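Trainee: Fold the following.
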Amino acid sequence: MAEIQKNAPSSQDLKEKFFQGMSYAAATVNVITSDGPSGKVGLTVSAMSSVSADTPRPTLLVCINENSASAAPILDNGVFCVNILHDHQSFISDVFAGRYKDEIEDKFKSTEWVTGKTGSPRVADVLVGFDCEIVSTKKIGTHYVVFGEVVDISIAQKGSALIYANRSYGASQPFTVEKFTNFDAADAPRSLSLGCFHTFGPYFVPGMIKGLTQSGTVTSVNLVEGDNRRLKEAVLAGEVELALMYDFDLCPDIETTTVTEFTPYILLAQNHPLAKKDTIRPKDLKNQPMISIAEAASRDHLEGILRKSGIEPNVVFRSTSFEMMRGMVGHGLGFALALTKPATSESYDGKTIVVRKLDAEFMPSKVVLTKRKGGKLSDAAGQLWDETQQNHHSKVSLKTLSYLGG
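Mentor: Have a look, this model is predicted:
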């Protein structure tokens, strides 16, 4: 026994090895939020676990450092929500972990929220949300172990969790083993990770991929499609090297170079009374039912065009899908404002949609190629970035480049 004590590691050594060992333990990334008498607070934690489903209500626990500014308010409020983040929501995690405290004063502006049954905020498009009431708390060392009874659960229809392991973010993916063959360095795979806004991506990306692969610049492309918020998170998290997106609602940590510009236009059903006009003025749209988009940046930008003209949009429906928006316009449920360059007319489910010019003062919306500030680009991404900058400075649209087609 004396020999064991003699060779035992010191308390400090054991602590350091504990930190090192636990760094390999993969865990979901969770933002813990609460609201109540002590105010609205939130923080990012990885220490969250199921306790039992066989209690009167399912029980889970979270561990919160006593030095966190959120610790005391959460305990005083008596409620909290566990927001298990999607694998593309690392930006939200970083904000609530305090990594953007100098740039973002209000952490809750990092995404959209809904209010749960306990009054705690829940990320609007969270992967899983557990709304909880605190039933007991135990102090162990520097942390509170907080036990919560689950009163409500929100689960996304699809998606995978953001994972933290080896002191970095990751995602849960099926594990496969492929058969590799030897190849010369000259034949090594040249891949490009690219993001694109889902509505205008088809105008640029297919031709670009064709040109890049035919020229040998890349041999494979990892493509991520989404709205501005999704792409911004992908760029900041390093999920993609470059992203084609609109130039609004960006942040200082993202660099941009202009690709092209779009001007807003009106979508109408062919039999809409305003379809007889070649040009639509904002006052023509007063009290007219509007089909809008739900994504915050696009919504605020498009609806803001009318507000700047003194017209409050009469929004009757907001959709997360531009295809749904077009479909509702085609069925005569209202007009829509859009940015992606359209054809003269469109057809949706056999319904003709006409495009009309908007006669209003506005700044054209830019499509930009973005990258994380200071991030190192692969050869393929670097070439695409440099050529985009050169063509912008010479006032040649990216669409005219041979590898973009169009």
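Trainee: so where do the strands sit in the stretch 201-350 of the chain?
Mentor: Along the stretch 201-350 of the chain, counting by DSSP state E, counting those that start in this stretch, strands occupy 220-226, 242-246, 254-262, 265-269, 279-280, 289-293, 314-319, 336-338, 345-348.
Trainee: got those as JSON lines, with distance to Gly159, mean pLDDT and mean neighbour count columns?
Mentor: Where C-beta positions appear, they are placed from N, C-alpha and C, glycine not excepted. Below are the strands of the stretch 201-350 of the chain laid out as JSON lines (distance: least, CB to CB, whole Å; pLDDT from 0 to 100; neighbours: other CB atoms under 10 Å):
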{"stretch": "strand 220-226", "distance to Gly159": "12", "mean pLDDT": "82", "mean neighbour count": "15"}
{"stretch": "strand 242-246", "distance to Gly159": "19", "mean pLDDT": "89", "mean neighbour count": "26"}
{"stretch": "strand 254-262", "distance to Gly159": "24", "mean pLDDT": "85", "mean neighbour count": "18"}
{"stretch": "strand 265-269", "distance to Gly159": "30", "mean pLDDT": "90", "mean neighbour count": "22"}
{"stretch": "strand 279-280", "distance to Gly159": "39", "mean pLDDT": "92", "mean neighbour count": "16"}
{"stretch": "strand 289-293", "distance to Gly159": "21", "mean pLDDT": "91", "mean neighbour count": "21"}
{"stretch": "strand 314-319", "distance to Gly159": "19", "mean pLDDT": "89", "mean neighbour count": "15"}
{"stretch": "strand 336-338", "distance to Gly159": "27", "mean pLDDT": "88", "mean neighbour count": "23"}
{"stretch": "strand 345-348", "distance to Gly159": "28", "mean pLDDT": "49", "mean neighbour count": "14"}
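Trainee: could those strands be laid out in CSV, adding distance to Gly36?
Mentor: What follows is those, written out as CSV (distance: least, CB to CB, whole Å):
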stretch, distance to Gly36
strand 220-226, 34
strand 242-246, 37
strand 254-262, 35
strand 265-269, 44
strand 279-280, 47
strand 289-293, 33
strand 314-319, 29
strand 336-338, 39
strand 345-348, 46
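Trainee: Is it correct that Leu43 falls within a strand?
Mentor: Yes: Leu43 sits within a strand when classified using DSSP: H, G, I helix; E, B strand; the rest coil.
Trainee: ok, now which ones touch it?
Mentor: Neighbouring residues of Leu43 by CB atoms under 8 Å, 6 or more residues apart in numbering: Val31, Ile32, Ile64, Ser68, Ser70, Phe96, Ala97.
Trainee: go on, Gln390?
Mentor: By CB under 8 Å, 6+ apart, Gln390 has no neighbours at all.
Trainee: tell me which residues in the strand or helix carrying it are buried?
Mentor: Gln390 belongs to helix 379-393 when elements are defined using DSSP states H and E. Going by neighbour count (16 or more other CB atoms under 10 Å), the buried part of helix 379-393 is Ala380, Ala381, Gln383, Leu384, Trp385, Glu387, Thr388, Asn391, His392.
Trainee: Closest to Pro206 out of these?
Mentor: Pro206 has its nearest neighbour among these in Leu384, at 15.0 Å by CB to CB.
Trainee: Can you give me every residue that contacts the closest one?
Mentor: Leu384 neighbours (CB under 8 Å, 6+ apart): Leu192, Met208, Leu212, Thr217, Leu242, Leu369.
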